[in-house]
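1. Pasting the sequence and the predicted model now:
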Amino acid sequence: MRYSRSVKVSVLKKILPPENRTIQRVSQETGISEQTIRNWKVQSKTGKFTAETDEKSPRSYSSKEKYHLLMEAARLSEEELGQFLRERGLHSEHLNVWDQELREMVTQRDDKKVMALKAHQKRIRELEKELARKEKALAEVAALLVLKKKLGDLTGGSGDD
């Protein structure tokens, strides 16, 4: 029977430090023969098999990786798509879910942009109203100063009262 790389890695983690469980115990827990586990241990020591897995779970792909896989899969024919999915350990459902996730992300980002734009427009309107109010107040003060100066010139006083 062939075991996936992730199964081999999990078994090796159990028998190697820091856990250091016995091969017999791990064999009983997993149902994998002791000789198979010993072979995996020898392979890991000789470097033919490392405990670090370079395969990624479909759940651990970043959004960018998902996007690239979707774009690559979109260009393939039905037969090529099947081979593509098998090589990467994916199912067609992964592609459907990722497509939906990416569409939702784009929609949410667009919604956030629209909300931010509306908030900025509201703030601009408030600032314009405040600026108009201050300009009116400044014009009023300037008119009062001009009138005060003219009154002072007419009455011959300093106009400071």
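-> Arrived safely.

2. Spatially central residue for the protein, please.
-> residue 63 (6.7 Å; Cα atoms, centre = their mean).

3. Show me what whichever strand or helix holds residue 142 is packed up against.
-> Per DSSP states H and E, residue 142 falls inside helix 92-155. Using 3 or more Cβ pairs under 8 Å, 6 or more residues apart in numbering; DSSP states H and E, the elements in contact with helix 92-155 are helix 63-74, helix 78-88. C-beta here means a position set from N, CA and C on the backbone, and glycine is covered the same way.

4. Serialize these to TSV and add fields for mean pLDDT.
-> Shown next, in TSV, are the helices and strands packed on helix 92-155 (pLDDT from 0 to 100):
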stretch	mean pLDDT
helix 63-74	84
helix 78-88	83
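
5. out of those helices, deepest packed?
-> helix 63-74 (a mean of 14; mean count of other Cβ atoms under 10 Å).

6. what distance separates that helix from the centre of its chain?
-> 15 Å (Cα atoms, centre = their mean, to the nearest Å).

7. right, and residue 89 touches residue 58 too?
-> Yes. Between residue 89 and residue 58 there is a contact at 7.3 Å, judged by Cβ atoms under 8 Å.

8. Would you mind telling me which of those two has more residues around it?
-> residue 58 (17 against 14; other Cβ atoms under 10 Å).

9. Tell me who's in contact with the more buried one.
-> 89-90, 94 (Cβ atoms under 8 Å, 6 or more residues apart in numbering).

10. For residue 82, state which of these is nearest.
-> Ranked by distance to residue 82 (Cβ to Cβ), those are led by residue 90 at 10.5 Å.

11. Can you name the residues that contact that closest one?
-> Per Cβ under 8 Å, 6+ apart, neighbours of residue 90: 58, 69.

12. State the helix or strand in which it lies.
-> Counting by DSSP H and E, residue 90 is part of no helix or strand.

13. Got the confidence number for it?
-> We have a pLDDT of 82 for residue 90.

14. With residue 115 instead?
-> 91.

15. what's the burial count for it?
-> For residue 115, using other Cβ under 10 Å, the count is 10.

16. What separation do you get for it and residue 109?
-> Computed as Cβ to Cβ, to the nearest Å, the residue 115 to residue 109 distance reads 11 Å.
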